[in-house]
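Undergrad: Fold the stuff below for me.
(one chain, ligands or ions: 1)
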Amino acid sequence: MSDEPQHLDRLNGMLRSMARLVKGKRRSTPGARRVSYTMNPRQACDVCNTLFDYAICPAQMPAMSRCGECKQKLADGYTALISPSGGYAFVKAATLKPGEVVKISDDVFEKVLARKKQQEGA
Ligand SMILES: [Zn+2]
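TA: All right, here's what the predicted structure looks like:
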């Protein structure tokens with residue numbers, strides 16, 4: 001029975017720190033508590049595969065869309081070439097319609113890249 005006041009003191013201290021914790025919850029301190037919602041992309045670019053339009057929402061499959069950069073390139077008269085493996089290139093050619101997105105095979109894409117490199121090097 002002689003050590004009871006000590007216990008009460010410790011309990012009092014615990015309660016006080018608990019009260020402080022509860023109070024502190026209203027102020028959001030970065031990293032202080034786990035964030036239940038994370039930033040998730042809501043759109044994916046169908047040309048460069050960039051995820052964008054991030055928002056705090058439950059994870060979901062991003063909708064296929066087009067990012068501002070690719071939109072700009074297409075508006076500038078480029079044609080986007082995309083390959084099944086996720087490669088993409090912006091080209092200008094007389095045989096291609098400006099502003100169009102053309103799906104090509106990986107083989108053709110490799111050739112396009114090689115030719116593009118040659119042209120840029122020359
Ligand atoms: Zn894009």
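
Undergrad: which residues touch stretch 85-93?
TA: Residues outside stretch 85-93 that contact it (C-beta atoms under 8 Å, 6 or more residues apart in numbering): 47-49, 73, 77-82, 98, 106, 109, 112-113, 116. (Each C-beta comes from the backbone N, C-alpha and C, glycine too.)

Undergrad: ok, and for that stretch, which residues are buried?
TA: Gly87, Tyr88, Ala89, Phe90 (16 or more other C-beta atoms under 10 Å).

Undergrad: now swap in stretch 63-82 and tell me
TA: Arg66, Cys67, Cys70, Lys73, Leu74, Tyr78, Thr79, Ala80, Leu81, Ile82.

Undergrad: where does the fourth one fall, helix, sheet strand or coil?
TA: What that stands for is Lys73. Following DSSP: H, G, I helix; E, B strand; the rest coil, the label given to Lys73 is helix.

Undergrad: residues touching it, list them.
TA: Lys73 neighbours (C-beta under 8 Å, 6+ apart): Ala80, Phe90.

Undergrad: run the last query once more with 10 Å
TA: For Lys73, the contact set (C-beta atoms under 10 Å, 6 or more residues apart in numbering) comprises Val47, Cys48, Arg66, Cys67, Thr79, Ala80, Phe90, Gly99.

Undergrad: Quick check: the gap between it and the ion.
TA: 8 Å (C-beta to the ion, to the nearest Å).

Undergrad: With the last one instead?
TA: Between Ile82 and the ion the computed distance is 10 Å (C-beta to the ion).

Undergrad: Next one: that residue from Thr50, what distance?
TA: Separation of Ile82 from Thr50 (C-beta to C-beta, to the nearest Å): 13 Å.
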